[in-house]
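In: sequence-free structure coming up:
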């Protein structure tokens, strides 16, 4: 939750572009609070599943999207698919933000280095 608050503060004070957020998390996190803090900053939200047995499935992640979320929600079964979708739907001057689990971020880094 503390990390979500820090990210939200950074987004609120430093980012003016539209955000496509790629999000995946482990099942043992306080996702109600985390989602409520950071999801509203995204215009597009791509839910995905990092390669880890503790990862929360997409159908469960969807339950944590706040009811007042105004953006579009997409699903991607893999991190590769999530990055491809984000690239497809984001304009060049928009931000693609990968956040949530460190497993997700590590996977995304490997994909992006290729």
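Out: All right, it came through fine. This is a predicted model, so every value here is computed, not measured.
In: need the contact list for the most centrally placed residue in the chain.
Out: Central residue of the chain (CA atoms, centre = their mean): residue 23, 2.3 Å from the mean position. Going by CB atoms under 8 Å, 6 or more residues apart in numbering, residue 23 touches 38-39, 45-48, 61, 99-100, 104. C-beta coordinates here come from the backbone N, C-alpha and C atoms, glycine included.
In: my read is it is in a strand, agree?
Out: Yes - membership of residue 23 in a strand is supported by DSSP: H, G, I helix; E, B strand; the rest coil.
In: quick one: it from residue 64, how far?
Out: Applying CB to CB, to the nearest Å, the value for residue 23 to residue 64 is 9 Å.
In: what ranges do the helices span in the chain?
Out: For the chain, the helices defined by DSSP state H occupy 2-14, 31-38, 58-61, 79-89, 102-113.
In: Determine how far the second one lies from the middle of the whole chain.
Out: Mean-position distance between helix 31-38 and its chain equals 11 Å (CA atoms, centre = their mean, to the nearest Å).
In: what's the answer for the shortest one, then?
Out: Its chain's C-alpha centre and that of helix 58-61 lie 13 Å apart, by CA atoms, centre = their mean.
In: Mind listing what's buried along that helix?
Out: Buried residues in helix 58-61, counted by 16 or more other CB atoms under 10 Å: 58, 61.
In: Check the spacing between residue 12 and residue 80 real quick.
Out: Distance of residue 12 to residue 80, computed by CB to CB: 30 Å.
In: ok, now residue 114?
Out: Counting by CB to CB - residue 114 and residue 80 are separated by 10 Å.
In: Please apply the same query to residue 26.
Out: For residue 26, the distance to residue 80 (CB to CB) stands at 19 Å.
In: re earlier: out of residue 12 and residue 80, which sits in the more crowded spot?
Out: residue 80 (15 against 9; other CB atoms under 10 Å).
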